[in-house]
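1. Need coordinates for the below:
(chains A, B, C, D, E and F, ligands or ions: 12)
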6 protein chains.
Amino acid sequence: VEGANVELAYAGAKTFLKGEMRDVGDISDVDAAAFGVPYDGAVSNRPGARYGPQAIRRASGWWAYLSDYKGGLTNMQTGKQVNFDDLTVADCGDAPVFPMDSETTAESITAHMATVASQTFPVMLGGDHYCTFPAVRGFAEGGEYDNVGFVQIDAHTDTVSESPVFGTDFHGSSTSLIANSEYTDYENVSQVGIRGYESPKFFEFAEETGLNLYTMRDVEDQGITSVVSDAVAAAAEGTDAVYVSFDIDAVDPSVAPGTGTPVPGGLTPHQALKTMEVLGETNDVGAVDMMEVAPRYDSDEGTQRLASYLLVTLLERKFAE
Amino acid sequence: VEGANVELAYAGAKTFLKGEMRDVGDISDVDAAAFGVPYDGAVSNRPGARYGPQAIRRASGWWAYLSDYKGGLTNMQTGKQVNFDDLTVADCGDAPVFPMDSETTAESITAHMATVASQTFPVMLGGDHYCTFPAVRGFAEGGEYDNVGFVQIDAHTDTVSESPVFGTDFHGSSTSLIANSEYTDYENVSQVGIRGYESPKFFEFAEETGLNLYTMRDVEDQGITSVVSDAVAAAAEGTDAVYVSFDIDAVDPSVAPGTGTPVPGGLTPHQALKTMEVLGETNDVGAVDMMEVAPRYDSDEGTQRLASYLLVTLLERKFAE
Amino acid sequence: VEGANVELAYAGAKTFLKGEMRDVGDISDVDAAAFGVPYDGAVSNRPGARYGPQAIRRASGWWAYLSDYKGGLTNMQTGKQVNFDDLTVADCGDAPVFPMDSETTAESITAHMATVASQTFPVMLGGDHYCTFPAVRGFAEGGEYDNVGFVQIDAHTDTVSESPVFGTDFHGSSTSLIANSEYTDYENVSQVGIRGYESPKFFEFAEETGLNLYTMRDVEDQGITSVVSDAVAAAAEGTDAVYVSFDIDAVDPSVAPGTGTPVPGGLTPHQALKTMEVLGETNDVGAVDMMEVAPRYDSDEGTQRLASYLLVTLLERKFAE
Amino acid sequence: VEGANVELAYAGAKTFLKGEMRDVGDISDVDAAAFGVPYDGAVSNRPGARYGPQAIRRASGWWAYLSDYKGGLTNMQTGKQVNFDDLTVADCGDAPVFPMDSETTAESITAHMATVASQTFPVMLGGDHYCTFPAVRGFAEGGEYDNVGFVQIDAHTDTVSESPVFGTDFHGSSTSLIANSEYTDYENVSQVGIRGYESPKFFEFAEETGLNLYTMRDVEDQGITSVVSDAVAAAAEGTDAVYVSFDIDAVDPSVAPGTGTPVPGGLTPHQALKTMEVLGETNDVGAVDMMEVAPRYDSDEGTQRLASYLLVTLLERKFAE
Amino acid sequence: VEGANVELAYAGAKTFLKGEMRDVGDISDVDAAAFGVPYDGAVSNRPGARYGPQAIRRASGWWAYLSDYKGGLTNMQTGKQVNFDDLTVADCGDAPVFPMDSETTAESITAHMATVASQTFPVMLGGDHYCTFPAVRGFAEGGEYDNVGFVQIDAHTDTVSESPVFGTDFHGSSTSLIANSEYTDYENVSQVGIRGYESPKFFEFAEETGLNLYTMRDVEDQGITSVVSDAVAAAAEGTDAVYVSFDIDAVDPSVAPGTGTPVPGGLTPHQALKTMEVLGETNDVGAVDMMEVAPRYDSDEGTQRLASYLLVTLLERKFAE
Amino acid sequence: VEGANVELAYAGAKTFLKGEMRDVGDISDVDAAAFGVPYDGAVSNRPGARYGPQAIRRASGWWAYLSDYKGGLTNMQTGKQVNFDDLTVADCGDAPVFPMDSETTAESITAHMATVASQTFPVMLGGDHYCTFPAVRGFAEGGEYDNVGFVQIDAHTDTVSESPVFGTDFHGSSTSLIANSEYTDYENVSQVGIRGYESPKFFEFAEETGLNLYTMRDVEDQGITSVVSDAVAAAAEGTDAVYVSFDIDAVDPSVAPGTGTPVPGGLTPHQALKTMEVLGETNDVGAVDMMEVAPRYDSDEGTQRLASYLLVTLLERKFAE
Ligand SMILES: [Mn+2]
Ligand SMILES: [Mn+2]
Ligand SMILES: [Mn+2]
Ligand SMILES: [Mn+2]
Ligand SMILES: [Mn+2]
Ligand SMILES: [Mn+2]
Ligand SMILES: [Mn+2]
Ligand SMILES: [Mn+2]
Ligand SMILES: [Mn+2]
Ligand SMILES: [Mn+2]
Ligand SMILES: [Mn+2]
Ligand SMILES: [Mn+2]
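-> Ligands and ions are numbered 1, 2, ... in the order given. Have a look, this model is predicted:
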């Protein structure tokens, strides 16, 4: 039957961008490889990010339809010509997770990410934000980087050292764990979109540690393009590669309600997309994740759709322009 | 029983603006006549615009309550006095549609629109955007216009010539069909709100054909009032009448999620309302439609509510100030 | 990491029963092969069955978890020991569909089904019920059967000859098309679960044509086990193989609301499961489909979960006891 | 355009059964006339029955489609031939209501019902169950009946005399008001489906007053057909006409969740439909209402669909067999 | 203001049955004391039972309204007079839980339950079913019972010994842990409502261990009243007190969809209520819990409403008849 | 069990900010006392604000978790250090309401508010906006103020004098009643966020009466900080205390859909939060309410979450910086 080679957005396999399903050990020929982490055992409030990977994959179906259908494309936002034939993506499925055992889950994530990072550009689909800590570790190990920069788009700083209820390893402590690991420190950590409440004297803490902090107030005052350019430059300074972590709660909850710990007053869709454009332009970025998508809190599927657009925006800039 | 003459928003008939239900052949005495097109057989992704007409009608009930209740009104956005006694609206029900037969459906729409346009100002409630092509044809025929200008508010350009899956007649080709019809050409087509991805070298295409293209980037740079003024002027230039087509996906999906092919980064409510204010001020506009409202994707009914406000804004400016 | 070989219900690939994703031409070694038909262009009322295949696949994830985890199992309803190692299932993805072109879609389905049926036991995931007509044709062609029996579990008889709105090919005419095809006739068609309204003198029609009709009243009077036993025997009589088609609207809409044309008063969960137990016991059944699952009308996901249990019940009886 | 005379379920006017919209004073030529009462100001718990009339009307669209399309029909439940050409229904819109003034609303309902009842068979679409009290009054006045029998299908008895919070006039006291009115008394009141909690010594109260009480336990023990036959006979005994009031909460909340004061353990769909079959068979029934449908509590629209089927079942038996 | 002493169902405090909020150490004067366990860290599939306690409390508001309002009441199902003045209930809030630490959570539950059980009749609101294991331990310790009988109403047997993903302590192993504890053994464990799949040779396992197993097939064959009578008798035999644990997934998912691991073919509302009637009649029952209510999977709130009715049914029988 | 003193957001009592539940007569030692008004009997359109108090309370749980957990905090928006130990809040439960009797309800509200205002800073959780009229009266009486200023954040002016359907006392007349009461007049009334339609010549009305009117157009032109500063200054001028009333429909319905009478084009989350910052900074504000939260119209719970953040923002500025 003719025409069969163009697949509808809602048809066929539900892999990321309808990429080929590949074993995690066999991806050295692709531009980027996605894998999921269906784990939300380390959240401090509402569960559901375990459904993030499958939701983002499903929402990414429109892209393959579009790119099959039109061949090369014009990106009407950036005004650039893009050729998606230049971007090959594989999907390695989900890393094994252990819902009641965050330590074993972390080991599994580190191993999985290291395997991917040793071969190609990793795209991790979360899962709660705790998972980013073992992922950064795996990224450094797999990529054999001594120093890793970290750009975090987030409403929260995730810099708790220890919680009486959650201990030292949960989604509120991941950045603390990363900055205190052997691979990075706060001077190469940049945070964009921060709001709500943080520890007392947090601004002093940022100043002392060298953390590159950009609150929503900074975004409004300085403009998103300038903020993100500065953020990635600071993270890249003196490091071997930059890991970008996008906590979807950075976006305003009226736009991306599908997340566990929403805070009013976040990024607009335009600001979020622009963030990814800027990050996609640098050569420094070596991995990206999209975390805390909890689709059951969004009745209208907009959260995962935006998450999918955000990842495509970065990948397109990097590989397909 | 006293007071009975003021009907509550949720009570009574569910016609557009609670206008009188009229036969389509008997509307020459009203200012405007609405009809529905409950057809979504030509969509490329999510179905559901067949429920658009009934949703917009239901959402428009607040207006009759308000206008009954307060008589004349002050529009607090525009600061103008309006008198809704000067605006009489009829509702002619739905045009016959054939869910599995787009050609016969198109003929039915053309016939229905021609009948309306020969008598009064038409307001079409969609239905998917393919329906706008036969509607413009009917508008020209009924209004006996040789040349029709076309203002399209949309995330997409709908300028595909042929799809391997959908052929030449679907909601992605309607503007192409309109611009290539005997009644108009791309020099009298204006598009506002465009974003996402389009065919390769689309900007060159626009330049070559004379298409008046205003992307979301243009809206942000130039301001919505200026963009829409320019857009309608270009469409009106040398034509006998302008047809305004509002694809609700022009609005950001966080505001109007109830649509089949949403794209992040669209118009704000303020920009959308302002668009209709500007369009309502010109004498050139001779018809309007509201397309692609698919209410089941909006759990909170905001899409159809906004659609109803948008239509009232244009009609009020035109007939009731 | 240890334990990784047992995958959680919500993790990993979203193929049917987490079967291996296989090319449709390479399935001769499996017990059964599933494929989807994401098409709802032939419905007479509410669209949405295009999302049926992905919903059933997603809902079937629990099964792989259970069977991995426990090895052999006891089915607590039937009291039987089952060994799911004896059941290997592949998933061939979705057949190409053409949303605006039912004829080409039908050809595609026939071709896909024929390819599957020539190699193994087919499991089709719909899609609207029109698709069953080309599927039965493909089943006969692929299986090289001269005569096919047809067991339809449905609220509706789908025996319309021609509709003024939909013509001769839609989900209300599929059984008519099947019974009038070269491969079967009404004497080998059995229908279970019928209610609501049908054509005038339908009981006379059934008697004249030999249609084996079991209404909900019959189910209540005679008992589901006896009804289904009789139904499959009548369909098998003198035929080479029986095709089982389960329209999910056979089940009561309070249990399975996720479908386009629900009718109150249908099968209970117990009756539906029992139906599949009985069908799974005979050697005559050579193919099964699960149609009209439209998940967006079921806010609580029960429809696709039940659909998945129903298919497993039949397959387990047939292959794993 | 050919075929245009058959309207799809979701197209066109949203009147009851797509009946003609008529002025309440001009209905003497129809078999039955529906009107809505969008009032829920007298509920003791969850509001929302004000949306009942529009929901039932919308859900009733399937019927006109079916009957247009097939002409005469076979009812597959009853096995009877029905001819819907023999049933003409008008829709008189909604009676004026006053959300903060139950007394004026009651007067309006009485006036509206009396006007309808003086001309034809009334079908009232609620609204909360308080509205049935003024409706029965209007039925007696309009029909010029001295004695009216009352059959109430309900989870609750609605026999409170006075509530400290709601006073004497609310949805928990309507049957008390009816039975104590000049038109009826408890000996001609029959209640079916009662469960939950009632006043102390309610069984003694029933015995003393002569109330014909059929609890869910009675329905289970005696069977629904026998219970309803007895109920309507008791109500008809010595009266001029019987008014049937169906509180949708009589049905089990898993089937009909869209109501304000649900009680587990109610009628099955089969029992509810059978109730209407039996009531439709007697000549005594002179009016029917369908109350307490609050569609926003049913995410899947099943409540209003069932409500529409229930009303059709009674009307069909009465007018179209 | 008069009438103020009767509180509406949706007003005021959201404690269980609007009982007085009490410190857990100060409840020796009440008939029963409820406490919540907002923990779902031990589930094998969908999370959300952490919201069970607040949902059941909120749903229980109707009861206080009814009992305040009417004083004594007639239970229309049982036909009995009840006096809720005879039932005083306290709510001790929620036991501390540690989402990432099931062991500490278990200790906390045991301590909380022991404190309650040493003073009065405990009512635990879950929470996932793992929590029942530490609760039974606490019940034995607080009540100073040497031998405890265990009646489990459930779709699942929860008798896994060890899972490769979840280890030995999760909601699938709780009954195994209970039966192997010092306080009870399988001969005093009764299970009602079992269906779906269990370990191989489970029926032999039941026979060998003496587990009193009642599957859904037994319920249908033997009748729910007889099954539950037998079940509680077996659990009580030779023990000091019986603990009743109601996993809401025992009820059919069309009735109680708000739970994490639903299985089609469960108890009807009538069967579930009858179960609690029978259990409330014996003197043996010394504690009850209601587990696995995950309200976000039930769009219509029926699950928590039924859960609340079930608990009231048992308490009423025990304390208020 | 250690750690138990930090309660999770979703655990424990559902009082406002998890404040102590107190009798309304015993709150003189706290900084602020909240009480609910679960009444929506005076709305002109969609009911549901009766569920506002419990929704806001539930949504406010995150705050106690945060403040317990971190002790002092940095507000990342304002850049200020806050110490929530300096803010003690009590919750007095709900004022008695009478759903069918607005007059008695108003008396109850006045009495409740007067009792609170005589002891501490009142925080009223609505309920529809009519309730603000009796609350302002009670505030003046309890606080023994001769003159009260009134700052209203709202889409609507609520200045109707009399409606033919609702009379003189409903949520559209509350500001008219307040301004015409003995305690204030229009010169001390400020309105922010106004849009949509108002009475004819409303701008003249504002000029004549001295009403301080700030439409959304003014907010856009002048900036929210300046507008609110002016608004509160005008309200405070010559009065003894200012009452702040926040109708949640002031916020754009895409952000706060959970309300009964939404109007497109409202405040952004940033503007709304900034409004509360400015109001919290003045010494003049003596009470605050949050009205018209109707949670069932917001599928994603964002409305009540924002409402809770807004109240905290004001209280924090006032008591905890
Ligand atoms: Mn984070
Ligand atoms: Mn975050
Ligand atoms: Mn378009
Ligand atoms: Mn579009
Ligand atoms: Mn069918
Ligand atoms: Mn069917
Ligand atoms: Mn009732
Ligand atoms: Mn009732
Ligand atoms: Mn269990
Ligand atoms: Mn269970
Ligand atoms: Mn207001
Ligand atoms: Mn307002």
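
2. Excluding covalently adjacent residues, which one is nearest to whichever residue of the stretch 1-150 of chain A sits closest to ligand 2?
-> Closest to ligand 2 within the stretch 1-150 of chain A is A:H129: 6.0 Å, counting by CB to the ion. (Each C-beta comes from the backbone N, C-alpha and C, glycine too.) The shortest distance from A:H129 to any non-neighbouring residue, by CB to CB, 6 or more residues apart in numbering or on different chains, is to A:H171 (4.2 Å).

3. neighbours of that neighbour, just the number please.
-> 30 (other CB atoms under 10 Å in any protein chain shown).

4. quick one, what contacts it?
-> Counting by CB atoms under 8 Å, 6 or more residues apart in numbering or on different chains, A:H171 touches A:A42, A:V43, A:S44, A:D128, A:H129, A:Y130, A:D158, A:E292.

5. Tell me how many other residues crowd the closest residue to chain D within the stretch 1-150 of chain A.
-> Nearest to chain D in the stretch 1-150 of chain A, going by CB to the nearest CB, is A:G48, at a distance of 18.5 Å. Residues near A:G48, counting by other CB under 10 Å, number 24.

6. How about the residues of chain A by chain F?
-> A:44-46, A:163-165, A:194-203, A:215-217, A:220, A:252-254, A:257-258, A:261-262, A:264-266, A:297-300 (CB under 8 Å from any CB of the partner chain).

7. In chain A, spot the helix with the most residues.
-> Using DSSP state H, we find that the single longest helix of chain A is helix A:302-319.

8. quick one: A:T74 is in a strand?
-> Yes: using DSSP: H, G, I helix; E, B strand; the rest coil, the assignment for A:T74 is a strand.

9. re earlier: list just the nearest of the contacts of A:H171 to C:S176.
-> Comparing these against C:S176 with CB to CB places A:E292 closest, at 51.8 Å.

10. got the contact list for the helix or strand A:E277 falls within?
-> Element membership of A:E277, judged by DSSP states H and E, is helix A:269-281. Residues outside helix A:269-281 that contact it (CB under 8 Å, 6+ apart) are A:77-78, A:151, A:153, A:192, A:219, A:224-225, A:228-229, A:232, A:244, A:246, A:250-251, A:255, A:267, A:285, A:288, A:306, A:309-311, A:313-318, B:216, B:220, B:252, B:254, B:264-266.

11. Whichever residue of chain A sits closest to ligand 6 and E:A294, how far apart?
-> Across chain A, the shortest distance to ligand 6 (CB to the ion) belongs to A:Y10, at 21.9 Å. A:Y10 sits 28 Å away from E:A294, going by CB to CB, to the nearest Å.

12. Please identify which of the two sits among more neighbours.
-> When neighbours are counted by other CB under 10 Å, A:Y10 and E:A294 differ, and E:A294 comes out ahead with 29 against 19.

13. how close does the closest residue to the more buried one other than its chain neighbours get to D:V255?
-> Once flanking residues are discounted, E:A294 sits nearest to E:G48: 3.3 Å by CB to CB, 6+ apart. Distance check for E:G48 against D:V255: by CB to CB, it reads 24 Å.

14. same thing with A:P164?
-> A:P164 is 47 Å from D:V255, by CB to CB.

15. The two - which one has more neighbours?
-> Taking other CB under 10 Å, A:P164 and D:V255 do not tie; D:V255 has more neighbours (23 against 13).

16. next one: phi and psi at the more buried one?
-> phi -100, psi -40 (degrees, to the nearest 10).

17. Can you name the residue of the stretch 101-250 of chain A nearest ligand 10?
-> Closest point on the stretch 101-250 of chain A to ligand 10, by CB to the ion, is A:D101, at 22.0 Å.

18. how about that residue, what does it touch?
-> A:D101 neighbours (CB under 8 Å, 6+ apart): A:G41, E:G167.

19. Let me see the confidence value for it.
-> For A:D101, the model assigns a pLDDT of 96.

20. repeat for the one 5 residues further on
-> Per-residue confidence (pLDDT) for A:A106: 98.

21. Is the residue nearest to A:K18 when sequence neighbours are not counted within a helix or a strand, and which one?
-> Leaving aside its sequence neighbours, A:K18 sits nearest to A:A64 (CB to CB, 6+ apart; 3.6 Å). A:A64 is part of helix A:61-70 when elements are defined by DSSP H and E.

22. And the residue of chain A closest to ligand 12?
-> A:S254 (18.4 Å).

23. just checking, that residue touches F:S254?
-> Yes: with contact defined as CB atoms under 8 Å, A:S254 reaches F:S254; the gap is 5.7 Å.

24. hey, what's in contact with both of the two?
-> Residues touching both A:S254 and F:S254 (CB under 8 Å, 6+ apart): B:S254.

25. Please tell me how far the residue of the stretch 51-200 of chain A found nearest ligand 10 sits from ligand 7.
-> When distances are taken as CB to the ion, the stretch 51-200 of chain A reaches nearest to ligand 10 at A:P99, 16.6 Å away. The gap separating A:P99 from ligand 7 is 46 Å, by CB to the ion, to the nearest Å.

26. what's the closest non-adjacent residue to that residue?
-> Once flanking residues are discounted, A:P99 sits nearest to A:G41: 5.2 Å by CB to CB, 6+ apart.

27. Over to A:D284?
-> In space, and not counting its chain neighbours, A:D284 is closest to A:A236: 4.0 Å by CB to CB, 6+ apart.

28. show me where chain A has helices.
-> With helices called from DSSP H, chain A shows them at A:52-59, A:61-70, A:102-117, A:132-143, A:174-179, A:202-209, A:216-222, A:224-236, A:269-281, A:302-319.

29. pLDDT of the shortest one, averaged?
-> Average pLDDT, helix A:174-179: 98.

30. elements contacting that helix?
-> helix A:132-143, strand A:148-153, strand A:189-194 (3 or more CB pairs under 8 Å, 6 or more residues apart in numbering or on different chains; DSSP states H and E).

31. Is it possible to get a markdown table of those that adds distance to C:N188?
-> Formatted as a markdown table, these follow (distance: least, CB to CB, whole Å):
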| stretch | distance to C:N188 |
| --- | --- |
| helix A:132-143 | 58 |
| strand A:148-153 | 62 |
| strand A:189-194 | 65 |
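
32. which stretch among those comes nearest E:E208?
-> The closest of these to E:E208 is helix A:132-143. By CB to CB, the value is 43.7 Å.
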